[in-house]
Each structure stands twice: as structure tokens, then as C-alpha cells.
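# 3D, please:
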Amino acid sequence: MPKHLADYGSAPVDFVRGNGSYVYDKNGKKFLDFQTGWCVGTVGWKNKEMAEAISAQAREGFHEPPWFRVERHETFASRLVKLAPGKLNRVFRACSGSEAVEFAIKAARAATKKQTVVTIEGVYHGHTYGAGSVGNAFGGVLEPCDGFAKVPMPKNQKQEIETLREIEALFAQGDVAAFLSEPVWTNAGCFIPSPAFYPAVQTLCRNYGVLLAMDEVATCMGRCGKMFGSELWGIEPDIVTLGKSFTGGYATMAATLVTESVFKNARGIPSHPTFGWMFQDLAAVEKNVEIIIRDRLDENAAGVGAYLLDLLKPLESLKKVKEVRGIGMVLAIEFHLPVAVLVAAKCYRAGLVVEFTDSKTLFLSPMLNLKKSDARKGAEIIRAACGLK
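The predicted structure is shown next:
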């Protein structure tokens, strides 16, 4: 354990460099990276175009805080709203996904003059106090903030009907500012709602005057096979948060997109983070988004992700495996018994980096530009680690 770094239990592995879909530890051992910073990696590690964009901006040696009008920020914000679904028209600058979720909470409450935010139980939304309260970050260590109501995560269509009833009952109380959740419940174990669930939630939001907020920190920029996870379900959120794949792992930058109505009615909320969209970060994100669009990495994530899922589906023939599920480049293998940590360790020893969301669920989030050959290589390691010949 570190002596001075505040660290409550990180894995004793020191990765020192990367290249494409691979990372290397301090001893020079090469690993195929199926974690990529947890839904972060997009265009590959050590990407030359990314390095050039960042280094060119660093040579300028300049930072302009966001309380001055920055034309470059406006240009990039305009590009984002053109890409985004629905009528999203304004962009709040943020430094992390957690901060982006905080903006979503602040904007929703200020715009509606209501306090309650409804969300799905067990979904992670960040580690700051508000984001941690709307999500599941605190465990039993801290009490969450007031003003958040949670409904059960539905894992089949019957449960979806009951969850929708609970959502409507909360909306009917009249003090709900927003419904906030992920298009796909990533950190909860890659649970994927049915195509009918979110359109039904959206209808309830419209009927009761509740804002629909989608936390796309983990699902944006092609991660789920679409530029925005919300596009999977044909919904038009009033608020969307961006992070993780937004940066490709090359910057600490995020964003919260809102409709013009939300922006106008939330006027006065704190909106100027000191390091919001620093130029070096912006240079990285501009180039990352450019490459994702140019190389159609959302399509690659959909196609190669489906290929990887097909390679892993035979694991369901094993008694120990409950389900293999995934969409795009976010996948999970759920076991009947708490063996995910053991399987992850076996993968690591075989040269593959994976993660687990809990003791029963292995979690994968490869690069958006993953090659089929690397998908096949990773699948073979996982299958062997699970005992499938």
C-alpha cells in the first residue's frame, strides 16, 4: 500500500505506457487492454494525432479562464449540439464526469424550481457529493444528500412495468425536477433496458413536466455503437452529460448539454469552473471527436463489439455463467458465484486487462477502434480463464 497517497486498495500493478489497444507494466510485460480506463479509451493509446494536437497546444503555454468569452469554446460547443440528439442547444463546461452530473442536478433544480431527482438504484453517477448521492458511490460510509429518490433497476420487461409504475407515483407527488439515469447501466454490470423502457420514461416526463436527464459520461462518443447512447432508444433528453470517451483518456474534460429552455430558466447557477475546458484539454477532445467521426468508430464499436459478444456468448453453456451481455464496446459476464475477481486475475496473468463491477460480474470496455483480431485474442483468454475449451 502507498505510504502517502490516499489509496484504499488499488491493484498492485504499475502500467507505465500504452500503444493502441495494449498497455505495458514497469517490467515490460505486454497486456491487451479491455478496460481502457473504464469506458474511456477510444482511438488507442499513444495515438500520434492526439499527441501532435496536445503538444502543439502545449507549446502555446496559455490558459484563459471561462469567465472571459472564448471563441474556441463557442465553436466546439456548436459542434457538440449539432451532434447531440433532440433540442440540446447549450453546453456547460466541466472538468470531469462527476462535475458534469453536478451541473445536471443544479440545472434541473434551478430550471424547474423543484428539488427531487429520481434515478435508478445501483447506478454509478460519480464521486462528488451530489453525483454520489444520485448514484451509488457512498456505500455505508456517508449519508447521501437529501432530494434524491431511487427506484429499482429493472432487469426484465415485467420488472420494467413495475419500475415505471413507481416512477409515475413519484412524479405524481409534484416535486420532481428530473429523472436522471444512464441509457445503459454500465457500472452496475452492463444491464441493457428493453427498447420500450426509455420511451415510456420520456412519455412520463413529458406528461408530468419532469426533465429527462441522461448521464452519458460512460456511454457517449460511440461507446454503445451510437454517438450518444440516448440514440439507441430514440429519446430526446433535456439534459445530457459527457465524459470518459469524450476525452479518449487524453484530457480531464467533460460537458453538460441542456436545452435552451433549461439554460434560460437555470440562469444564475455557478457555471465557471476555473479549469473548464483548458486549451490543452480542448485540443485533445477536439481531435478525439474528429477521429471518432472521421473513422466512424461508433460503427466499429457496434460491429466489432457484436463480434466480441458472439465470441463470448458460448460461455453461457457453462454452469458457472449466468449471462453474457453487451452493446457496442461495453460488455459484462455475470456468474452465479462470486468468481469474477478470480477470473480477472487469470486474465491478467494471461496478458489481458479486464475489470469487475462486483464479485459476480466481469466488465469489459475495449477501445472503440478495437480490431477483430484483438477481439478474438481477448475472447480466447477470457474463455480459457472461465474454463471453456
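# which residue ranges form the helices in this structure?
For the chain, applying DSSP state H gives helices covering 36-39, 48-58, 71-83, 97-112, 129-134, 157-171, 197-208, 260-265, 279-294, 297-312, 340-349, 372-386.
# need the least confident one among the ones you listed, by mean pLDDT.
Among the helices of the chain, helix 129-134 carries the lowest mean pLDDT, at a mean of 87.
# contacting residues around that one?
97-98, 101-102, 105-106, 117, 119, 125-126, 137-138, 142, 144-145, 147-148, 180 (CB atoms under 8 Å, 6 or more residues apart in numbering). The C-beta positions use only the backbone N, C-alpha and C, and glycine is treated the same way.
# And stretch 72-79, by the same measure?
66, 90-91, 93, 255, 277, 279, 282, 285-286, 289.
# What residues of stretch 259-269 count as buried?
259, 262-263, 265-266 (16 or more other CB atoms under 10 Å).
# mind giving me TSV with those and columns for distance to Cys386?
As requested, these are exported to TSV (distance: CB to CB, whole Å):
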residue	distance to Cys386
Thr259	45
Val262	46
Phe263	48
Asn265	51
Ala266	48
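# Among those, which one lies nearest to Gln157?
Thr259 (30.2 Å; CB to CB).
# quick one: the closest one from Leu211, how far?
9 Å (CB to CB, to the nearest Å).
# Over to Glu231?
Distance from Glu231 to Leu211, by CB to CB: 19 Å.
# Leu331 too?
31 Å.
# Please apply the same query to Pro237.
8 Å.
# For the closest residue to Met214 other than its chain neighbours, grab phi and psi.
Spatially, and ignoring its direct neighbours in sequence, Met214 is nearest to Pro237 (4.3 Å; CB to CB, 6 or more residues apart in numbering). Main-chain dihedrals, Pro237, degrees, to the nearest 10: phi -70, psi 160.
# isn't Pro237 right up against Pro85?
Yes. Counting by CB atoms under 8 Å, Pro85 is a contact partner of Pro237 at 7.1 Å.
# shared neighbours of these two, which are they?
Common neighbours of Pro237 and Pro85 (CB under 8 Å, 6+ apart) are Ser230.
# The two - which one has more neighbours?
Using other CB atoms under 10 Å as the criterion, Pro237 and Pro85 rank with Pro237 on top: 30 against 20.
# quick one on the thing from earlier: more neighbours, Glu231 and Leu211?
Leu211 (25 against 18).
# what sits against the nearest residue to Ser317 once chain neighbours are set aside?
Nearest residue to Ser317 in three dimensions, chain neighbours excluded: Leu388, at 7.4 Å (CB to CB, 6+ apart). The contact partners of Leu388, taken as CB under 8 Å, 6+ apart, are 314-315, 317-318.
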